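Student: pasted the sequence and its predicted model underneath.
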Amino acid sequence: MIKKTLVTALLLASTTAFSNMTVTTTIYPLYSIAKEIGGDKIKLQNLIPFGVEAHVFDPTPADMAKLSKSDLFITSSDAMEPWKDKIVKSLKIEQKVFDMSEYVKLRTIQEENDEHHEDEKDKKGHKHEHEHGGIDPHYWVSLNNYILMTESITKLFIEKDAENKDFYTQNSNNYLAKVKALKEKYDSTLSTCTNKKILVNHDAFGYFADDYGVKQYSISGMSPEDKPSAKQISELIDLVKNEKINTVFFEEFASPKVAQTIAKASNVKIDALRPAENISKEENKKGYGYLQIMEDNLEKLKFAMDCK
């Protein structure tokens, strides 16, 4: 009887030792870090499917089933995920939630574009919950914050799975070296710019703008789903001409039509500048990720802001 009990205990211990943490993230930047740090020691899934615009995502019953089986649920913020609290309470998984917005430096939403967007509503006829008077949820576009995010997820994984501390630490050190090298490239390149003004699809680059003293103008406010009026488009065309902006930026997972209209009327270039909220299925298969997006963004910003 004792022998049988001992064998059972050993089997359970073995199962526990080799059982990987199941980690669910909400948006791609969190997924990217978790993948780099956790490697094959975790079972990782991102709640928002690849290729889906993060601002319009709503969880399905299948998503809730995934969450109920997760050991960790890493979220970006209430502002980005207004549906989160209801689901967390429904599933009673409060102890599994790790809200990354508590571990980074946040900025409040600037009101500089309010005259263009104050009456805009989403498809359902109500204003976006994260639009005015709250935090800007796009904090990962700041490489300074991305470093803090990486350090925080590393500490979280070590806390939950101390047995693999050395593995997580080594992965973290390797990844942070790449992020910091890219930040140095941003610092040196953007210090040479002569026209630090950009027109983007929506207000997703405020943290980047704050880091480098850039003036951000947007077509659609805090959500890419908002549509400017004809008057607002006319004002943006005048803005491009008056401020000598040479590129109008659109985004990968949002319609480029308004940006195309403004660029054509202003006789300037149109290009994609990505806030890295998500990537496509094809990009994920190819291993194209956050660092590559930010590298590509830098090259486009270099041209747009007349950097040497």
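Tutor: Cool, the structure landed.

Student: how is the protein divided into domains?
Tutor: Per the record, the chain has its domains at 20-181, 190-304, by automatic domain parsing.

Student: for those, give me TSV that also has mean neighbour count and mean pLDDT.
Tutor: All C-beta atoms are positioned from the backbone trio N, CA, C, and that covers glycine. Compiled in TSV, the domains of the chain are given as follows (neighbours: other CB atoms under 10 Å; pLDDT from 0 to 100):
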stretch	mean neighbour count	mean pLDDT
domain 20-181	17	88
domain 190-304	18	94
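
Student: nearest spatial neighbour of residue 35, skipping sequence neighbours?
Tutor: Nearest residue to residue 35, sequence neighbours excluded (CB to CB, 6 or more residues apart in numbering): residue 44, at 5.7 Å.

Student: could you do residue 196 as well?
Tutor: Computed as CB to CB, 6+ apart, the closest residue to residue 196 that is not its neighbour in sequence is residue 214, at 4.5 Å.

Student: quick check: the one you found touching residue 198?
Tutor: Yes - using CB atoms under 8 Å, residue 214 is in contact with residue 198, at 6.2 Å.

Student: what is in contact with the two at once?
Tutor: Overlap of the contact sets of residue 214 and residue 198 (by CB atoms under 8 Å, 6 or more residues apart in numbering) consists of 205, 305.

Student: if we can go back for a sec, gap between the residue nearest to residue 196 and residue 300?
Tutor: Going from residue 214 to residue 300 by CB to CB, to the nearest Å gives 13 Å.

Student: cool, and residue 58?
Tutor: Taking CB to CB, one finds residue 58 at 31 Å from residue 300.

Student: show me where the stretch 101-250 of the chain has strands.
Tutor: With DSSP state E, counting those that start in this stretch applied, the stretch 101-250 of the chain shows strands at 197-200, 215-218, 247-250, listed in chain order.

Student: would TSV of those with distance to residue 308 be doable?
Tutor: Listed next are these as TSV, based on distance: least, CB to CB, whole Å:
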stretch	distance to residue 308
strand 197-200	17
strand 215-218	19
strand 247-250	17
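
Student: nearest to residue 49, of these?
Tutor: Nearest to residue 49 among the strands of the stretch 101-250 of the chain is strand 247-250; the distance by CB to CB comes to 21.2 Å.

Student: helices and strands around that closest one, which ones?
Tutor: Counting contacts by 3 or more CB pairs under 8 Å, 6 or more residues apart in numbering; DSSP states H and E, strand 247-250 is packed against strand 197-200, helix 257-266, strand 269-272, helix 290-304.

Student: can you list contacts of the longest one?
Tutor: Outside helix 290-304, the residues that touch it by CB under 8 Å, 6+ apart are 28-29, 32-33, 140, 143, 146, 178-179, 182, 185-186, 189-190, 193, 198, 245-247, 249, 269, 271-274, 276, 279, 307.

Student: got the angle between the longest helix that the chain contains and helix 290-304?
Tutor: Longest helix in the chain by number of residues (criterion: DSSP state H): helix 165-190. Helix 165-190 and helix 290-304 are oriented at 10 degrees to each other (axes from the mean of the first three to the mean of the last three CA atoms, to 10 degrees).
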